[in-house]
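Chemist: 3D model of this:
(one chain, ligands or ions: 1)
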Amino acid sequence: MNTDVRQPEHSKNIITFGTFDVFHVGHLNILRRAKSLGGRLVVGVSSDALNYRKKGRYPIYNEQDRLAIVAGIKYVDDVFIEYSLELKSRYIQQHAADTLVMGNDWQGKFDELASLVEVIYLPRTPVISTTSIIDVIKNF
Ligand code: C2G
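Modeler: The predicted structure is shown next:
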């Protein structure tokens with residue numbers, strides 16, 4: 001009897017990154033489409049400190065809550081905290097990823113990683129963003 005339960009040969013090891021603050025359907029769509037490339041999906045969720053360094057403000061939801069929300073999504077196999085944008089190649093190697101998926105707001109930004117992984121930019125879901133949701137709530 002064949003008891004081999006490994007992923008099939010063509011299965012990908014996919015990695016993606018994001019803040020996923022105030023989780024919305026655009027976030028869900030990119031995770032679903034990343035997973036649908038076929039294989040295992042691991043997600044790096046940016047730390048609170050990384051957000052503060054890059055954007056000058058903390059996310060609405062803290063990193064442990066954002067990590068728990070993303071981990072609860074059925075398309076996601078594993079999560080970790082992304083502490084630095086500059087550590088992408090290390091995270092890719094740690095998770096033995098062969099495919100990097102990012103939304104096309106990052107188009108071209110990760111092309112230098114193409115020697116390590118296949119880099120795929122997926123179109124963003126139009127209109128919705130964490131910033132626009134915050135604005136709507138502010139003006140409610
Ligand atoms: N996204 C999308 N459509 C939207 C909004 C977001 O497809 N309407 C995608 C983004 O392109 C990204 C992912 O959802 O791939 C997460 O988006 P953010 O939470 O905005 O992540 P960001 O702050 O861009 O990531 O290494 C990257 C960093 O972690 C920062």
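Chemist: C-alpha from now on. contacts and neighbour counts both.
Modeler: Will do.
Chemist: So what does residue 19 have for phi and psi?
Modeler: Phi and psi for residue 19, reported as degrees, to the nearest 10, are phi -90, psi -40.
Chemist: who in the chain is up against the ligand?
Modeler: 17-21, 26-27, 30, 45-46, 85, 102-105, 124-126, 128-129 (Cα under 6 Å from any ligand atom).
Chemist: Quick one: residues contacting the closest residue to residue 69 other than its chain neighbours.
Modeler: Excluding the flanking residues, the one nearest residue 69 by Cα to Cα, 6 or more residues apart in numbering is residue 23, at 7.8 Å. Shown in contact with residue 23 (Cα atoms under 8 Å, 6 or more residues apart in numbering): 66, 69, 130.
Chemist: Most neighbours among those residues, which one is it?
Modeler: Ranked by the number of neighbours (other Cα atoms under 10 Å), the contacts of residue 23 place residue 66 first, at 23 neighbours.
Chemist: in the protein, which spans are helices?
Modeler: With DSSP state H as the criterion, the chain has helices at 25-35, 48-55, 63-71, 88-94, 130-138.
Chemist: Next, format those helices as a markdown table and append mean pLDDT and distance to residue 41.
Modeler: Converted to a markdown table, those look like this (pLDDT from 0 to 100; distance: least, Cα to Cα, whole Å):
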| stretch | mean pLDDT | distance to residue 41 |
| --- | --- | --- |
| helix 25-35 | 98 | 6 |
| helix 48-55 | 97 | 22 |
| helix 63-71 | 99 | 11 |
| helix 88-94 | 97 | 12 |
| helix 130-138 | 94 | 23 |
